[in-house]
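Visitor: Just need the structure, nothing else, for what follows:
(one chain, ligands or ions: 1)
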Amino acid sequence: MKSINMEGKTITVLGLGYIGLPTSIVLAKAGHKVNGYDPNEEVVKTLNSGKIHIVENNVQDEFKKVVDSGNFKAFSKIQPADVYIICVPTPFKEDNKEEKLADLSYVESAAHDVATVVKEGDLVILESTVPPLTTKMVANIIEKDTGMSKDKFHTVHCPERVLPGKILYELEHNDRIIGSDREESALMAKNLYESFVKEGTCYVTDDITAEMCKLVENTFRDINIAYANELSIICHELGIDVFKLIELANKHPRVNILTPGVGVGGHCIAVDPWFLVEKFGDNARLINTARHVNDYKPLWVSNQVEEEIKHDKNVKIGVLGLAYKPNIDDLRESPSIILAEDLIKKGYTVYGCEPNTKKEKIKNIEVKSLDYVLENCDYLVITLANKEFLEKKEKIFAKKHYNCIGLK
Ligand SMILES: NC(=O)c1ccc[n+]([C@@H]2O[C@H](COP(=O)([O-])OP(=O)(O)OC[C@H]3O[C@@H](n4cnc5c(N)ncnc54)[C@H](O)[C@@H]3O)[C@@H](O)[C@H]2O)c1
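Guide: Coordinates of the predicted model:
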């Protein structure tokens, strides 16, 4: 399939977080003029002072280069362009934590923002992870706000599948799925992505398949992790080592069981499967169950810790790792935080330790340095293999502990 040349087009990226900022950088590096737009004035101020506001490998250095090249500037008002890339959050609705319903208000507001500046022939790309049919919703909002028929502009969904810690590398190396209900629109987006995707292939499909693609990828991972987490609970009952069991089971040539942990966190795997449960109810039974298994795991760990310390409220507990995975600052949906908060709620003294995140970002948990925790806690819960913990492994293992991750 041919692509349509997008050279020389200006781009406005909406949302300058973990996805929008690195995406702006790779686009600017590829020679495009990029306007970053974020309504958070602090973010814009920080970026325009030459600093970044997220913790992510290599981003600060590469950001400096694109700012120096003149290809990137941040704004707190949307700037007119030829292409709009929407990278805004898609969390759960705050007012209904139980049902876990998709909050599309950021996407809606971004679509309204685009409608204030979009012109005929422009390309609007939705990168945020969304429930099926949301790309059509974006087109409908723009059509309604502008009065311009949706065949006069282009709407595309191109989901993001990067790994935090390796975002810049993966943006240039991963395959991309580009979906639209019009081939011409998809081909425009394909050309744009091919300007920075060095190693991966850009595959073109329809918009709904592209939306589902992202959701089924993360759901696949969630279900597989749920299996490992459920096994850890069963093995505990049997009194055997789940990590040893999995190592042996994986000697089978067609078996590859994942490693259990304290649960599942982050803005993606812990969230996206709920979009399918919300839309498909009883037809998404396996997906729903896996989500419940993974959400239960930190509470189960909390119960095990209580048993191990014999419900002694004088025992000071240290939780080693509060982000949702090792060596990153992202706390969203983190199961370690759920674990620590549950122990606090039960009346225990808990100190959290997370070397990658500023203390002020963590509410409800007293955060201390690793040395403080080692000195003052009687019992440790190892939830993440942060590099700082690996360096002091002997001291950690010398204390009574619960090893959620099979750290050796
Ligand atoms: N973080 C990841 O690793 C990852 C991976 C794959 C997909 N995603 C998806 O990408 C999307 C963005 O995630 P993120 O991690 O970058 O979020 P983020 O919270 O780090 O950044 C989002 C930014 O969007 C801004 N914003 C809010 N409303 C806006 C609007 N109307 N216009 C412009 N900007 C607006 C916010 O101020 C914030 O700075 C989500 O849908 C997420 O599920 C994230």
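Visitor: Return the residues of the stretch 201-350 of the chain in contact with the ligand.
Guide: 267-268 (Cβ under 6 Å from any ligand atom). (Each C-beta comes from the backbone N, C-alpha and C, glycine too.)
Visitor: Run through the helices of the stretch 201-350 of the chain in chain order.
Guide: Taking DSSP state H, counting those that start in this stretch as the test, the helices found in the stretch 201-350 of the chain are 207-238, 242-249, 272-280, 285-308, 335-345.
Visitor: Kindly reformat the ones you listed as TSV containing mean pLDDT and mean neighbour count.
Guide: Below are those laid out as TSV (pLDDT from 0 to 100; neighbours: other Cβ atoms under 10 Å):
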stretch	mean pLDDT	mean neighbour count
helix 207-238	98	18
helix 242-249	98	15
helix 272-280	96	21
helix 285-308	98	19
helix 335-345	98	22
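Visitor: for those, which one sits closest to His112?
Guide: helix 207-238 (19.6 Å; Cβ to Cβ).
Visitor: Nearest to the ligand: which residue in the protein?
Guide: Gly17 (1.8 Å; Cβ to the nearest ligand atom).
Visitor: any idea where the strands of the chain begin and end?
Guide: 10-14, 33-37, 72-75, 83-86, 123-126, 154-157, 176-179, 202-205, 316-320, 349-353, 366-367, 379-382, 400-403 (DSSP state E).
Visitor: so can I have a markdown table of those showing mean pLDDT and mean neighbour count?
Guide: Shown next, in a markdown table, are these (pLDDT from 0 to 100; neighbours: other Cβ under 10 Å):
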| stretch | mean pLDDT | mean neighbour count |
| --- | --- | --- |
| strand 10-14 | 98 | 24 |
| strand 33-37 | 98 | 23 |
| strand 72-75 | 98 | 20 |
| strand 83-86 | 98 | 26 |
| strand 123-126 | 98 | 27 |
| strand 154-157 | 98 | 28 |
| strand 176-179 | 98 | 23 |
| strand 202-205 | 98 | 18 |
| strand 316-320 | 98 | 25 |
| strand 349-353 | 98 | 22 |
| strand 366-367 | 97 | 16 |
| strand 379-382 | 98 | 24 |
| strand 400-403 | 97 | 16 |
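Visitor: Tabulate the ones you listed in CSV, adding columns for distance to Glu247.
Guide: What follows is those, written out as CSV (distance: least, Cβ to Cβ, whole Å):
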stretch, distance to Glu247
strand 10-14, 43
strand 33-37, 45
strand 72-75, 46
strand 83-86, 43
strand 123-126, 41
strand 154-157, 40
strand 176-179, 34
strand 202-205, 35
strand 316-320, 23
strand 349-353, 28
strand 366-367, 34
strand 379-382, 18
strand 400-403, 15
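Visitor: now for those strands, which one comes closest to Gly239?
Guide: strand 400-403 (15.2 Å).
Visitor: does Val118 really touch Lys150, like I thought?
Guide: No - judged on Cβ atoms under 8 Å, Val118 makes no contact with Lys150 at a distance of 10.8 Å.
Visitor: which one of those two has more residues nearby?
Guide: Val118 (24 against 19; other Cβ atoms under 10 Å).
Visitor: pLDDT wise, what is that one at?
Guide: With respect to pLDDT, Val118 has a value of 98.
Visitor: Next, work out how far apart it and Asp38 are.
Guide: Val118 is 18 Å from Asp38, where distance means Cβ to Cβ, to the nearest Å.
Visitor: One more: Lys325?
Guide: Taking Cβ to Cβ, one finds Lys325 at 24 Å from Asp38.
Visitor: What of Ala270?
Guide: For Ala270, the distance to Asp38 - Cβ to Cβ - is 24 Å.
Visitor: which residues touch Val350?
Guide: 316-319, 340, 343-344, 365-366 (Cβ atoms under 8 Å, 6 or more residues apart in numbering).
Visitor: what sits opposite Ile382 in the beta ladder?
Guide: Ile382 forms beta bridges with Leu320, Asn403, as assigned by DSSP bridges.
Visitor: so what's it up against?
Guide: Ile382 neighbours (Cβ under 8 Å, 6+ apart): 320-321, 389, 396, 401-405, 407.
Visitor: Spatially, which two of those residues are the most separated?
Guide: Farthest pair in those, by Cβ to Cβ: Phe389 and Tyr402, 13.9 Å.
Visitor: tell me the pLDDT at Met1?
Guide: On the pLDDT scale, Met1 gets 61.
Visitor: any chance you could read off phi and psi for the residue of the chain closest to the ligand?
Guide: Note on Gly17: its backbone torsions stand at phi -100, psi -150 [degrees, to the nearest 10].
Visitor: Surely it and Thr90 touch.
Guide: No - Gly17 is not in contact with Thr90 according to Cβ under 8 Å; the separation is 11.5 Å.
Visitor: Would you mind telling me which of those two has the busier surroundings?
Guide: Thr90 (21 against 16).
Visitor: re the thing from before, between the contacts of Val350, which sits nearest Leu276?
Guide: Ala340 (29.2 Å).
Visitor: so what's the closest one up against?
Guide: Taking Cβ under 8 Å, 6+ apart as the test, what Ala340 contacts is 319, 322, 350, 352, 365.
Visitor: ok, the spatially closest residue to Val255 that is not a sequence neighbour to Cys404 distance?
Guide: Nearest residue to Val255 in three dimensions, chain neighbours excluded: Ala249, at 5.5 Å (Cβ to Cβ, 6 or more residues apart in numbering). Per Cβ to Cβ, Ala249 is found 19 Å from Cys404.
Visitor: try Lys77
Guide: Counting by Cβ to Cβ, the gap from Lys77 to Cys404 is 45 Å.
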